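Undergrad: quick one, structure for this:
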Amino acid sequence: MRHLQSQHIRFVYPHLCPAQFNGAIAPYDDAQMERFLDAAQEFGIEVIPWIGGVLGESARLENRRWRDGFAASVKELLEKHPRLAGVQVNIEPLPSGNSDFLLLLDELRPVLKGRILGVAAYPPPTRWHPHADVHWELPYLAEVAKRSDQMAVMMYDTAIKLEKFYIRLMTQWTRELQEMSTGGNCKLLLGVPAYEDAGSGYHHPEVENLTSALAGIQAAEPGGNYIGCAIYCEWEMTPEKWRIWNSHFLPQP
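TA: Numbers count the residues shown, from 1 in each chain. A predicted model of the protein is given here:
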């Protein structure tokens, strides 16, 4: 936690996925959760568990009983561990316009009781990556933002093979998302890739990486509801990647 604080990390999202068939979030150890919260509190870092699952498998949004079980499980988690800052919902793949997801967010709102309701969101459509199930139209993004306090947009897995096009896309997405969120209360985090899924076909680490992602975001000069970048993921970070984070993102003395 001391290291994360030194890197200006404000939020951490411990992985509690996938949800179970009855909607309950993934099992966790209460004692370990409290030790984690002790460490985070010492360094002023807020903890927001990352919950959800795979659409149609561990996440059955269309099923009212599943949604009820999910909400009840979130309520129990927050009551047992009141120092948690909220939850982040991540359900994939999730095609744009899914009304059941909006309903789930509406049902979670009273459970949060003023704490952060975050969403791992898809970026807008682009001609560079024409796969509708991993992009949200701007009107749908706006509907999700209306129901959320925080949105972390997954700005990677584009399958782009040339770095200059990825940087250009990051700039375009940053501007579109900033405009979409203007005037609302939802805070915007832009997800940047730190992983190495070479050979996957959807991610080329020599193209999509911290250096190129941060270059594209900063070229857009983001402001407004933008509050920073979200690294995916901490367990893939190396000393070299932290050096890039320091030199390309953090303010220099």
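
Undergrad: please enumerate the helices of the protein.
TA: For the chain, applying DSSP state H gives helices covering 2-6, 30-42, 64-80, 99-112, 138-146, 163-181, 210-219, 239-248.

Undergrad: nearest to H203, out of those helices?
TA: helix 163-181 (10.6 Å; Cβ to Cβ). In this view, the C-beta of every residue, glycine as well, is placed from N, C-alpha and C.

Undergrad: who touches that closest one?
TA: 123-124, 126, 128, 138, 141-142, 145, 151, 153, 155, 158, 160, 188, 190, 206-208, 212-213, 215-217, 219-220, 222-226 (Cβ atoms under 8 Å, 6 or more residues apart in numbering).

Undergrad: just the buried subset of those, written out for PyMOL, thanks.
TA: Only the buried entries of the contacts of helix 163-181 go into this PyMOL selection, using 16 or more other Cβ atoms under 10 Å:
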select buried, resi 123+124+126+141+145+151+153+155+158+160+188+190+207+208+212+213+215+216+217+220+222+225+226
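
Undergrad: hmm, back to that, export the helices of the chain as CSV, with columns for distance to V12 and mean pLDDT.
TA: Output for these, formatted as CSV (distance: least, Cβ to Cβ, whole Å; pLDDT from 0 to 100):
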stretch, distance to V12, mean pLDDT
helix 2-6, 7, 93
helix 30-42, 7, 98
helix 64-80, 16, 98
helix 99-112, 18, 98
helix 138-146, 22, 97
helix 163-181, 22, 96
helix 210-219, 18, 96
helix 239-248, 15, 93
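
Undergrad: need these in JSON lines (columns: distance to G86).
TA: Below are the helices of the chain laid out as JSON lines (distance: least, Cβ to Cβ, whole Å):
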{"stretch": "helix 2-6", "distance to G86": "18"}
{"stretch": "helix 30-42", "distance to G86": "13"}
{"stretch": "helix 64-80", "distance to G86": "8"}
{"stretch": "helix 99-112", "distance to G86": "6"}
{"stretch": "helix 138-146", "distance to G86": "15"}
{"stretch": "helix 163-181", "distance to G86": "18"}
{"stretch": "helix 210-219", "distance to G86": "24"}
{"stretch": "helix 239-248", "distance to G86": "24"}
